[in-house]
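> Based on what follows, work out the 3D shape:
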Amino acid sequence: MPAADILLIDARLPDGRQSMAIAIAGGRIAAILPPGVPLPEACAVHDLGGDLVLPALTDGHMHLDKTLFGLPWMPHRAQPFRMSRIETDQETLPALPLSTATRAGELIRRCVAHGTGHIRTHADITPAFGLSALEGLLAAREAHANLATVQIVAFPQAGVMRAPGVAELLEDAIRAGADLVGGIDPSEVDRDARGQLDIIFGIAERRGVGIDIHLHEPGELGLYGVQEICVRTRVHGMQGKVTISHGFGLGGVPESKQKAAAELMANTGVALASHGAGGATLPPLFALAEAGVRVFCGNDDVRDTWSPYGNGDMLERAAIIGWRLDVRHDPALERLMGMCSSVGAEVLGIAGHGVAEGKDASFFTIPAETVGEAIGQHPPRRLVFFRGRLVARDGAIL
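Numbers count the residues shown, from 1 in each chain. The predicted structure follows:
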């Protein structure tokens, strides 16, 4: 057998196999070997001591540009409604002593140390900020390309129709390097669902990019938003390229309407990203997934101007979501793990994700026996690999 770059021994796999060896070469998993077979020579050998090996986590919804990591603790200032938070952003963020790129980098490294390999973040595109938040995230992405992939959504935090010039800024953001175009509550924020969605889908179609729309709207209003987004997805031929983030309204309508919405989303390839909904109504994540909707998860705000909570750990986030959904059995916890890992990677277009021969060597080791224990207890990560490189050990970036 050819020599390996790295050899891991005494590994436990998610399917229950123990005392396995994993050979890494050229950034990929070259071989997974059972006990008793000859092992290849390697430049570095790590004895995992029976630790579980899990594929890289995917944080499918973040706001790296808003984080306050890297700064002393700052008390939360905004009032408990969205417009106050937006106004607080406009006052607070430009006056911070650390740049967007520096603060975002702090959070990226924390995420990586917890086992995250792939991130989708939103960058505020507003009249007040222009493209400055995007520029900071582009710099942070480049600086951390050896640690994680970072996908950026040009996000009209303050609205589109009610914010003159934002439509042009969104198009400029895609030209500048944003990967997707975003939207926000087209009925509640802009009070013009048709106008906002015309602009968002028009930019996406012209620029050949995907869409990720924040939809906080409750009940029937939120359901209307879901329906409009799905219909436009089909009309524009964008199946598989559109995500609804949050979708709180799906949790506030009768079960029959939930089922119809799930079928519509599945048929049009519209995915759903959830952070567990906080104090809002949680969509029926498992029912949506069972209907064929790609449901994935993210931390959303992590110690930032919108929320004092969070540390960037997607396993802790999975535990919070599982607690809210009353998930207790291991098969359901394994499905929840997929929402925090493989499903998100698929939506983000990450090829080669998983712990199997030929896949990218992007995974982490954790002192747990099963996926259920990893979520339920979320102990510290011991080793984190990204594309064949050891990038973090015991919570510290190397």
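
> The residue nearest the centre of the chain: what secondary structure?
A centroid search over the chain (Cα atoms, centre = their mean) returns residue 60, at 1.3 Å, as the residue closest to the centre. When classified by DSSP: H, G, I helix; E, B strand; the rest coil, residue 60 comes out as strand.

> Wait, it touches residue 273, no?
Yes. Assessed by Cβ atoms under 8 Å, residue 60 is found in contact with residue 273 at 4.8 Å. C-beta: built from backbone N, CA, C; applies to glycine.

> got any residues that touch both of the two?
120, 243, 296, 297, 298, 344, 347 (Cβ atoms under 8 Å, 6 or more residues apart in numbering).

> Count the residues that sit near the fourth one.
If you count neighbours by other Cβ atoms under 10 Å, residue 297 ends up with 29.

> separation between the residue nearest to the centre of the chain and residue 4?
Distance, residue 60 to residue 4, using Cβ to Cβ, to the nearest Å: 32 Å.

> With residue 231 instead?
Distance, residue 231 to residue 4, by Cβ to Cβ: 51 Å.

> These two: which is more packed in?
More crowded of residue 231 and residue 4, by other Cβ under 10 Å: residue 4, with 24 against 13.

> contacting residues around the residue nearest to the centre of the chain?
Residues near residue 60 by Cβ under 8 Å, 6+ apart: 120, 243, 273, 296, 297, 298, 344, 347, 348.

> The same query, at a cut-off of 6 Å, please.
120, 273, 296, 298, 344 (Cβ atoms under 6 Å, 6 or more residues apart in numbering).

> quick one: the last one is in a helix?
Yes. Assessed with three-state DSSP, residue 344 lies in a helix.

> From residue 273, how far out is it?
Between residue 344 and residue 273 the distance is 8 Å, computed by Cβ to Cβ.

> Now for the two: what residues contact both?
Common contacts of residue 344 and residue 273, defined by Cβ under 6 Å, 6+ apart, comprise 60, 296.

> how is the chain carved up into domains?
4-55+354-397, 57-347 (automatic domain parsing).

> what's the most buried one of these?
Comparing the domains of the chain by mean neighbour count (mean count of other Cβ atoms under 10 Å), domain 57-347 comes out on top with a mean of 20.

> Show the average pLDDT along it.
Confidence for domain 57-347, expressed as mean pLDDT, is 97.

> What is the distance between that domain and the centre of its chain?
Domain 57-347 sits 8 Å away from the centroid of its parent chain (Cα atoms, centre = their mean, to the nearest Å).

> Give the burial count for residue 2, as a bare number.
The local packing of residue 2 (other Cβ under 10 Å) involves 9 other residues.

> Check the gap between it and residue 30 for me.
Distance from residue 2 to residue 30, by Cβ to Cβ: 7 Å.

> can you give me the helices in the stretch 101-250 of the chain?
132-143, 166-176, 193-207, 219-235 (DSSP state H, counting those that start in this stretch).

> To residue 125, which of these lies closest?
Checking the helices of the stretch 101-250 of the chain against residue 125 by Cβ to Cβ gives helix 166-176 as the closest, at 5.0 Å.

> And for that closest one, what's in contact with it?
With contacts defined as Cβ under 6 Å, 6+ apart, helix 166-176 is touched by 125, 131, 134, 154, 156, 160, 181, 199, 203, 207, 209.

> Could you do stretch 26-44 as well?
1, 3-7, 19-23, 357, 359-361, 387-388.

> again, only this time at 10 Å
1-11, 13, 17-25, 45, 53, 352, 354-363, 385-390 (Cβ atoms under 10 Å, 6 or more residues apart in numbering).

> Now intersect these with the strands, please.
4-11, 20-25, 45, 53, 363, 385-386, 389-390 (DSSP state E).

> where's the residue nearest to residue 187 when sequence neighbours are not counted relative to residue 349, distance?
If the residues on either side of it in the chain are set aside, residue 187 comes closest to residue 193, at 4.7 Å by Cβ to Cβ, 6 or more residues apart in numbering. Computed as Cβ to Cβ, the residue 193 to residue 349 distance reads 28 Å.
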